[in-house]
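Peer 1: sequence and predicted model, in that order:
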Amino acid sequence: MSLLDDVSIVVTPNGYKAGELYAVIPVPSYGSNQVIDGSFPSGTTAWTEVGTVSYSGDEAILTGDGTKPTQLIQSITGFSVGSSYRIKFNYNNVSSDSIRVNMDGTLRMVASSISSGEYNATFTATATSQALRFYAYTDVGEIAKLSNVIVEEVLVASADMDVTRATAATRVDENGLVNYAEVIGDSALTGNNSNFDTGIGSWVGYNGGALAHSTDKLEVTFTSGESGATIATNSLISGGQTGKTFKVRVKIWQGTTISTALKIYIGGTQENITISSTPTYFEIELTPANSSGLFIYRSVSADTGTFFIDDITVKEVTRDNVPRIDYTGGGCPHILVEPERTNLITYSSDFTTWSIARATLGANITAPNGEADGYSIIATAVNDDHFVYKSISVVNTTTYTYSAYLKKGSKSWARLWNTSVGYADFDLENGVVGTQSSVVGSIDLLNNGWYRCSMVYTAVSTGNDSHRIYTLDGDNDKTFLGDGSTINLYTFGAQLEVGSYPTSLIPTSGSTVTRNQDIFTRDGIGSLINSTEGVLFVEMAALSDDGTFRSISLSNGTPTNRVTVRYNTTSNSISAFVYQGSSTILSYNNIVTDVKDFHKLAIKYKSGDLAFWVDGVEVATSTTSFTFLPLTELDFDRGVGDRFFFGKVKQLQVYDTSLSDEQLLQLTGESGTDFYESYAEMASALTYTIQ
């Protein structure tokens, strides 16, 4: 019998969107739509309107008068009391005001400052007839547009996990690059507003700029002032979109006698670019502070001439709450779950803001993020030590981790040093830690010769400490004669964080930045968890052997009814717990060689027949009888929002039977990595894709 016959939940590093990590199994299913005219055909009478509501292009447009909410209401019948239902719709906030939706008085959503997207939530029916209400509040003019409203019964629940972080976060992507985990939207520009195949679309001249269609591109001519081209002024980026990040990608090149300096501008933010006669793609990120159009214009006002524009996209970038599928180490990816950390270095990669001793900097080196964001360190012609440094305030007795991405140049050794505490030396040729003085160093290979080097130390006083990056002549040898021209070392992405181990890079550009902790939960899935018998299986690795509790649990939302696998306070200990009420049904601590390695763990629970399996070995059993309260949720914590899991997960499975010893050996043994033959086969079977 295949393990597939008994598995009820499978979570792996696969499809996702902001706020959600898709489960492979089960595939959710739904009943018929209970909403009448949810696509808002013109002349619909199914909805009750309060205030000004109009309909256009399958959208309902809610317009405010500045005094009272505009409402759109429909009474829906045919609910089964106690059953679960899904409400889903698309929305677009035109103004900076908010849109809300209620199901018979229960607040479901507030979408203030959200520009657009799909809303998707579940609720439990409390009556056979319930009123669905949309509210747009007190702005004047168009506030929001609604489309594709659906309310349908949940026939098979989804095990997709809710992901909360509310900040951006980086990961190592499938190409081995350190980049943000993000979801990219569609371009706001299409047709002739984007590629100029047959015209110039809605583009107009800016401040004296003259536009013309030139075969398949936009030609911009100007004679005086800072002139250029613009599109959809004050409407491309609306009030509801300010504060969001947009990626602008555009091909630009010189025509006649134009300066090479141009600006790309949206809503109070801009970036300078330098063009040439060769058609070149530029990609920049802008976060508009106000509503605006897109402006491309010259930066220098003293010259005249032309330049050409083609192939433009403007795409919204979402990074908050995006789960991280991480490829650190290569091979199959894992789900990365980290605690909150703050990078105390205010310029993580702009080393021109650092102080420098007996060295010079070179810029525009290809960095671990794939961009020209790295710097080189060149020792001057002095027989001494050569380094860059940053003075940062630390607190006495606090543990810190100082890290940076380093790559060898003419010298193979480098050093990280807190001058009040100690240092660690790193061999960037062979990837090993050299001399360590009062710190604990570590080194990890990234790609293209880049290593992430780190050292953990405890501050010995409160105040400013110098944090340095040295180029060395060898292990514990910091003095040598440079020549002022040879690149000795490359550097990128420095980080100082409170904690006993390094976490993913937190980029900074002028201030400290905090990345919130990752939280993974899924409640309301009692139909997918057999509370009488089953198996919780996880393949996971810890970020550190740091002596803290870190749990993954099936529970009913309380710590007294749960099945939990966790890292313990004991070094290299992984524990299994089954609790029912105030009774401990199974409790076992298993010591492994290193919790930072991946281990396959399974807890079998059935009254009178419990077991804990680790890497193909049954390490504990229990014959205690019990009767569970219903298990209704899966959480990367103890079930009550504490003892959060921080680590890496390659796969998680829940089975609705207790499984045999042969099956548990197959599941947790060396050859039983997956119930599919490979992750590639699993990926081909996915219903969901990245959105």
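Peer 2: Great, that's in hand. Numbers count the residues shown, from 1 in each chain.
Peer 1: mind listing the helices for this structure?
Peer 2: Assigned by DSSP state H, the helices in the chain fall at 661-668, 679-684.
Peer 1: neighbours around the residue nearest to Ile529 when sequence neighbours are not counted, how many?
Peer 2: Sequence neighbours aside, Leu631 is the residue nearest to Ile529 in space, at 4.5 Å (criterion: C-beta to C-beta, 6 or more residues apart in numbering). Any C-beta I mention is one placed from the backbone N, CA and C, and that applies to glycine too. As a burial measure, Leu631 scores 26 neighbours (other C-beta atoms under 10 Å).
Peer 1: hmm, back to that, what's the least confident stretch among the helices of the chain?
Peer 2: Among the helices of the chain, helix 679-684 has the lowest mean pLDDT, at a mean of 44.
Peer 1: quick one: end-to-end distance for stretch 656-665.
Peer 2: Taking C-alpha to C-alpha, to the nearest Å, stretch 656-665 runs 17 Å from one end to the other.
Peer 1: now tell me what touches that stretch from outside.
Peer 2: Stretch 656-665 has contacts (C-beta atoms under 8 Å, 6 or more residues apart in numbering) with 1, 3, 6-8, 528-530, 533-535, 602, 604-606, 609, 611, 613, 616, 618, 667, 672.
Peer 1: partners of Tyr206 in the sheet?
Peer 2: Gly228 (DSSP bridges).
Peer 1: err, Tyr400, not the other one
Peer 2: Going by DSSP bridges, Tyr400 forms beta bridges with Tyr457, Val498.
Peer 1: residues touching it, list them.
Peer 2: Val394, Asn418, Val456, Tyr457, Thr458, Ala459, Leu496, Glu497, Val498, Gly499.
Peer 1: can you tell me how far the fourth one sits from Tyr400?
Peer 2: Look at Tyr457 and Tyr400: by C-beta to C-beta, to the nearest Å, they are 6 Å apart.
Peer 1: please apply the same query to the second one.
Peer 2: Using C-beta to C-beta, we find Asn418 at a distance of 8 Å from Tyr400.
Peer 1: before we move on, what about the third one?
Peer 2: With distances defined as C-beta to C-beta, the gap from Val456 to Tyr400 amounts to 7 Å.
Peer 1: so Ser276 sits against Thr260, correct?
Peer 2: Yes. Ser276 lies in contact with Thr260 (C-beta atoms under 8 Å); the separation is 6.4 Å.
Peer 1: domain ranges for the chain, per the record?
Peer 2: Using automatic domain parsing, the domain parsing of the chain gives 29-156, 186-318, 341-514, 519-684.
Peer 1: of those domains, which shows the lowest average pLDDT?
Peer 2: Mean pLDDT, when computed for each of these, is lowest for domain 29-156, at a mean of 84.
Peer 1: tell me how many other residues crowd Thr560.
Peer 2: Counted with other C-beta under 10 Å, the neighbours of Thr560 add up to 14.
Peer 1: isn't it up against Thr584?
Peer 2: No. Distance between Thr560 and Thr584: 10.1 Å, which falls outside the contact criterion (C-beta under 8 Å).
Peer 1: circling back: list buried residues within the contacts of stretch 656-665.
Peer 2: Neighbour counting with 16 or more other C-beta atoms under 10 Å marks 3, 6-8, 528-530, 533-535, 602, 604-606, 611, 613, 616, 667, 672 as buried within those.
Peer 1: out of these, list just those in strands.
Peer 2: Val7, Ser8, Glu533, Gly534, Val535, Ala602, Lys604, Tyr605, Lys606, Ala611, Trp613 (DSSP state E).
Peer 1: export the residues you listed to JSON lines and tack on distance to Gly38?
Peer 2: As requested, those are exported to JSON lines (distance: C-beta to C-beta, whole Å):
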{"residue": "Val7", "distance to Gly38": "35"}
{"residue": "Ser8", "distance to Gly38": "31"}
{"residue": "Glu533", "distance to Gly38": "41"}
{"residue": "Gly534", "distance to Gly38": "38"}
{"residue": "Val535", "distance to Gly38": "41"}
{"residue": "Ala602", "distance to Gly38": "44"}
{"residue": "Lys604", "distance to Gly38": "45"}
{"residue": "Tyr605", "distance to Gly38": "43"}
{"residue": "Lys606", "distance to Gly38": "45"}
{"residue": "Ala611", "distance to Gly38": "50"}
{"residue": "Trp613", "distance to Gly38": "48"}
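Peer 1: of these, closest to Val388?
Peer 2: Ala602 (49.3 Å; C-beta to C-beta).
Peer 1: next one: the closest one relative to Leu631, how far apart?
Peer 2: Ala602 is 16 Å from Leu631, by C-beta to C-beta.
Peer 1: quick check: the residue lying closest to Thr508 once chain neighbours are set aside vs Leu496, distance?
Peer 2: Ranked by C-beta to C-beta, 6+ apart and with sequence neighbours excluded, the top spatial neighbour of Thr508 is Ser348, at 4.4 Å. Here Ser348 is placed at a distance of 9 Å from Leu496 (C-beta to C-beta).
Peer 1: between those two, who's got more neighbours?
Peer 2: When Ser348 and Leu496 are compared for neighbours, Ser348 comes out ahead with 25 against 21, by other C-beta under 10 Å.
Peer 1: okay, and the beta partners of Asp326?
Peer 2: Here Asp326, judged by DSSP bridges, has bridge partners His334.
Peer 1: residues near it, how many?
Peer 2: Asp326: 21 neighbours (other C-beta under 10 Å).
Peer 1: try Thr435
Peer 2: With other C-beta under 10 Å as criterion, Thr435 counts 17.
Peer 1: common neighbours of Tyr457 and Tyr400, please.
Peer 2: Common neighbours of Tyr457 and Tyr400 (C-beta under 8 Å, 6+ apart) are Asn418.
Peer 1: give me every residue that touches Thr190.
Peer 2: Here Thr190 is in contact with no residues (criterion: C-beta under 8 Å, 6+ apart).
Peer 1: kindly report the same for Asn589.
Peer 2: Asn568, Thr570, Ser573, Ile574, Ser575.
Peer 1: identify the residues contacting the fourth one.
Peer 2: It refers to Ile574. Here Ile574 is in contact with Val565, Arg566, Tyr567, Asn568, Asn589, Asn590, Val592, Val595, His599, Leu601, Val614 (C-beta under 8 Å, 6+ apart).
Peer 1: equivalent analysis for the last one, please.
Peer 2: Ser575 makes contact with Thr564, Val565, Arg566, Tyr567, Asn568, Ser587, Tyr588, Asn589, Asn590 under the criterion C-beta under 8 Å, 6+ apart.
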